[in-house]
Each structure stands twice: as structure tokens, then as C-alpha cells.
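Asker: Predicted structure and sequence below. I'll ask about it afterward.
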Amino acid sequence: MTSNDNQIDETELARLGIKRIQADIFLWGEYRYNNLRDAIAAAKREAAK
């Protein structure tokens with residue numbers, strides 16, 4: 001196993017009971033949001049200034 005997450009063998013994950021899921025990440029400016037509503041709220045706050 002390597003330290004690079006992209007190179008980890010899927011069989012090793014399965015053996016350890018780890019499931020890989022896809023997740024959306026929303027970028028606004030230099031900020032990252034896991035929740036779309038938070039990204040929209042931040043953008044609207046900035047636009048209101």
C-alpha cells in the first residue's frame with residue numbers, strides 16, 4: 001500500500017471494510033464547500049456587500 005490515496009488497491013479497501021463513495025465538492029473563490037446551500041449562501045452574502 002502506498003501513501004497516495006489514488007494508488008490504494010480496491011481489494012485492500014474491501015478487506016478493511018472501507019467503501020469508496022463519490023462526493024460533490026463546490027468551489028467558490030478559494031473556498032470549498034461540501035454543502036451546496038452553504039456555497040450559495042456565501043456567494044449571496046458577498047454579492048450583497
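Answerer: Perfect, thanks for sending it.
Asker: where along this protein do the strands fall?
Answerer: 26-28, 31-33 (DSSP state E).
Asker: How far away from the center of its chain is the last one?
Answerer: If I follow you right, that is strand 31-33. On the basis of CA atoms, centre = their mean, to the nearest Å, strand 31-33 sits 9 Å off its chain's mean C-alpha point.
Asker: which residues touch that strand?
Answerer: Strand 31-33 has contacts (CB atoms under 8 Å, 6 or more residues apart in numbering) with 25-27, 39, 42. C-beta: built from backbone N, CA, C; applies to glycine.
Asker: circling back: which of the strands of the chain sits closest to R20?
Answerer: Using CB to CB as the measure, strand 31-33 is the one of the strands of the chain that comes nearest R20, at 19.3 Å.
Asker: quick check: mean pLDDT across the closest one?
Answerer: Strand 31-33 shows a mean pLDDT of 97.
Asker: likewise stretch 39-49?
Answerer: If you average the pLDDT values across stretch 39-49, you get 96.
Asker: contact partners of that stretch?
Answerer: Residues contacting stretch 39-49 (CB under 8 Å, 6+ apart): 26-29, 31, 33.
Asker: and R20, how many neighbours does it have?
Answerer: 10 (other CB atoms under 10 Å).
Asker: show me the contacts for it.
Answerer: Here R20 is in contact with 10, 13 (CB under 8 Å, 6+ apart).
Asker: what do you get if the cut-off is 7 Å, keeping everything else the same?
Answerer: R20 sits next to L13 when contact means CB atoms under 7 Å, 6 or more residues apart in numbering.
Asker: Going through the contacts of stretch 39-49, which ones are buried?
Answerer: 26, 33 (16 or more other CB atoms under 10 Å).
Asker: Output the contacts of stretch 39-49 as CSV; include the columns distance to I18.
Answerer: CSV is the format used below for the contacts of stretch 39-49 (distance: CB to CB, whole Å):
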residue, distance to I18
F26, 25
L27, 26
W28, 30
G29, 32
Y31, 28
Y33, 24
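Asker: closest to Q7 among the contacts of stretch 39-49?
Answerer: Using CB to CB, those come closest to Q7 at L27, 24.7 Å.
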